[in-house]
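Novice: my questions are about this predicted structure, shown below with the sequence.
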Amino acid sequence: MVSSSRRPNGAFTLVELLVVIAIIGILVALLLPAVQAAREAARRMSCGNNQKQLGLAVHNYHDTYKTFPPDAIWHGNPRGTQPSANTVKNYTWITLILPFIEQSPLHDQINFSLPALREFNRIQVAGAPARELMLPALLCPSDPNVAGPPHGFGITSYAGSQGWDGHRRKRGDSQRAAAFSFYDATKFRDITDGTSNTVMLAEVTLKGGGGPAQRWAGGSGHKRQGRGTVSRSAFVAPAAWHGWNHSWVRAEQKGSVNRADGSSGPIWHPTWRAPYVMTPVFYTHWAPNTEWPSSGSFHPGGHQATLCDASVRFIPDTITNGQASRGGNNATLGINGNMWIAIHTIAGHRNAAQVVWP
């Protein structure tokens, strides 16, 4: 007679089953970080490729027009007149390089003599206004998806550097100016610091305010979320920020720089409602991944940037930034080891930090 305590052939006891489950759990726990790291490496490579193509597009634009695109075409009214809803332009630098990123069909439909807001509402892409277009080539795969274009503005993960605060070279601010100085276009000859030492564009998070949850929005004590987020519009420059009514703008005798709908004001979408939408530029007044005006990403440890020679580099969050988040002469001139400011100015101080890439 067979003992009733003997288990049937092939069966497991409860203890054995729990041991097997525990082993599987341990293996999954060991494997998951490796899988996540591999996925992030692929996303980072894809993001770098996006930036490389944008850098080459800016080069091709320069080959064609002998200058970089300006941060935006703000208006086309003659000197001595004031801008109006009919004379504003507000086309971003991304709109200007559309033919060089395989978007000639969209570019060819635009009447650049008319306001960008009007044109991108008129032009239809897949049954929707072109202003809502979200091009994959303009989006970082590591950035969380957004529910939809905020206020109907298609947004981008990549923004042009405006240096400390967008000051333009023609008004004696050469040590602040970057590749996309406000209201001014840059040529290769202007980049006296060297194209391989100067940042052209970099990542910005779609939702603004820094990357992973452990990073804080400067001074606010929490990451920006929900309706308080700040994104960059890809094609229509909603409004200017620094310098929109500055003395160097008035010196052009064209009046102030207006919002995309023709109204007067320094920043944000014409309706002034959160979530906010900004022109695709960033400022180095803030250190990376600390607050929405600066650059940043969800890549671990830093973000990627395209230099003026179209190469792509990874900039760690630990880069020396001196007084970048507090102001002061050292921060504006990039001296005393302030590498963060030094790599963005196109004509830095003679004692600026020496750029040595890893």
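Specialist: Received it, and whenever you're ready, just let me know what you need.
Novice: give the next helix or strand downstream of the helix ranked longest in the chain.
Specialist: Counting residues, the longest helix found in the chain (DSSP state H) is helix 14-65. Using DSSP states H and E, the helix or strand that follows helix 14-65 towards the C-terminus is strand 72-75.
Novice: can you tell me the strand partners of that following strand and which way each runs?
Specialist: strand 88-92 (antiparallel) (DSSP bridges).
Novice: next SSE downstream of the strand it pairs with?
Specialist: Where DSSP H and E defines the elements, the next helix or strand beyond strand 88-92 is helix 93-96.
Novice: show residues contacting that next one.
Specialist: With contacts defined as CB atoms under 8 Å, 6 or more residues apart in numbering, helix 93-96 is touched by 58, 61, 68-73, 107, 110, 116, 138, 156, 158, 160, 180, 234-236, 280. Backbone N, C-alpha and C define where each C-beta goes, glycine included.
Novice: which residues of the stretch 51-200 of the chain fall in helices?
Specialist: With DSSP state H, counting those that start in this stretch, the ranges of helices along the stretch 51-200 of the chain come out as 93-96, 104-108, 116-122.
Novice: and those helices as TSV, adding mean neighbour count and distance to Thr345?
Specialist: Listed next are the helices of the stretch 51-200 of the chain as TSV, based on neighbours: other CB atoms under 10 Å; distance: least, CB to CB, whole Å:
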stretch	mean neighbour count	distance to Thr345
helix 93-96	26	18
helix 104-108	13	31
helix 116-122	21	29
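Novice: kindly reformat these as CSV containing distance to Asn145.
Specialist: Below are the helices of the stretch 51-200 of the chain laid out as CSV (distance: least, CB to CB, whole Å):
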stretch, distance to Asn145
helix 93-96, 20
helix 104-108, 22
helix 116-122, 22
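Novice: who does the longest helix of the chain touch, helix- and strand-wise?
Specialist: Where contact means 3 or more CB pairs under 8 Å, 6 or more residues apart in numbering; DSSP states H and E, helix 14-65 is packed against strand 158-161, strand 199-203, strand 302-307, strand 312-316.
Novice: quickly run through the sheet partners of the third one, with directions.
Specialist: Read it as strand 302-307. strand 199-203 (antiparallel), strand 312-316 (antiparallel).
Novice: quick revisit: would you mind checking the contacts of helix 93-96 for buried ones?
Specialist: Listed as buried from the contacts of helix 93-96 are 58, 61, 68-73, 110, 116, 138, 156, 158, 160, 180, 234-236, 280; burial here means 16 or more other CB atoms under 10 Å.
Novice: low-confidence ranges, the stretch 251-358 of the chain, go.
Specialist: Across the stretch 251-358 of the chain, the ranges flagged by pLDDT under 70 are 322-337, 350-354, 356-358.
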